[in-house]
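Engineer: Below are the sequence and a predicted model for it; my questions follow.
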Amino acid sequence: MSDNSDAILFHRVTGCPIVQGQLYLQNLSVEQRLKMIAALQVAHQSGASNLHDPLEDDPDLQPIFEEARLQARQEEALGHQSRMVELQNTSPKSADLFCSGRGLCHQQWIVMKRILLEKYGIEWMTPAEMNPFMIFD
């Protein structure tokens with residue numbers, strides 16, 4: 001269980017209300033909570049408000065993250081292209097709306113998370129998971 005000091009730190013870094021931060025932290029697994037607290041401490045010291053999984057800071061893992069990120073972008077680009085062709089055939093107006101690729105970061109993160117886990121056994125938290133009260137597009 002997370003104590004109030006963690007929720008207060010969460011509030012200071014993210015601006016999220018303390019009670020919501022405390023609830024969020026309590027619902028994380030122990031490993032996820034430890035990652036979150038480490039990320040909050042780094043962000044608090046540096047003045048950053050956008051959190052990332054501390055595993056990304058490990059110099060030994062950086063090439064793995066870059067490879068997974070590139071592979072996820074390529075895989076998702078093909079998936080997006082395929083979805084757009086199908087949507088163009090079924091609903092051209094919807095295809096026009098989604099062709100810009102807005103929101104693809106979420107799909108890329110899902111793919112990257114899968115690659116890291118399956119290929120390297122790394123349990124990575126996406127930017128959306130690390131920043132639950134931030135909207136990504």
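Structural biologist: Nice, I can see it. Numbers count the residues shown, from 1 in each chain.
Engineer: how about low-confidence regions in the chain?
Structural biologist: Filtered on pLDDT under 70, the chain yields the residue ranges 1-3, 79-85, 87, 93-103.
Engineer: what are the ranges of the helices in it?
Structural biologist: Taking DSSP state H as the criterion, the chain contains helices spanning 4-14, 18-26, 30-46, 62-90, 92-98, 104-120, 127-130.
Engineer: mind listing what residue 61 touches?
Structural biologist: 55, 122 (Cβ atoms under 8 Å, 6 or more residues apart in numbering). For every residue, glycine as well, the C-beta is placed using N, CA and C.
Engineer: tally of neighbours for the closest residue to residue 31 other than its chain neighbours?
Structural biologist: Closest residue to residue 31 apart from its sequence neighbours, by Cβ to Cβ, 6 or more residues apart in numbering: residue 123 at 6.9 Å. For residue 123, the count of nearby residues is 14 (other Cβ atoms under 10 Å).
Engineer: Residue 123 and residue 72: what is the separation?
Structural biologist: 16 Å (Cβ to Cβ, to the nearest Å).
Engineer: How about residue 37?
Structural biologist: Relative to residue 72, residue 37 is positioned 26 Å away (Cβ to Cβ).
Engineer: now swap in residue 86 and tell me
Structural biologist: Per Cβ to Cβ, residue 86 is found 21 Å from residue 72.
Engineer: Settle it for me: which of those two has more neighbours?
Structural biologist: Comparing residue 86 with residue 72 by other Cβ under 10 Å, the one with more neighbours is residue 72, at 20 against 11.
Engineer: you'd agree that one is up against residue 111?
Structural biologist: Yes - using Cβ atoms under 8 Å, residue 72 is in contact with residue 111, at 4.1 Å.
Engineer: thinking again about what came up before, would you mind giving the helices of the chain as a markdown table with distance to residue 137 added?
Structural biologist: What follows is the helices of the chain, written out as a markdown table (distance: least, Cβ to Cβ, whole Å):
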| stretch | distance to residue 137 |
| --- | --- |
| helix 4-14 | 18 |
| helix 18-26 | 21 |
| helix 30-46 | 21 |
| helix 62-90 | 15 |
| helix 92-98 | 13 |
| helix 104-120 | 7 |
| helix 127-130 | 11 |
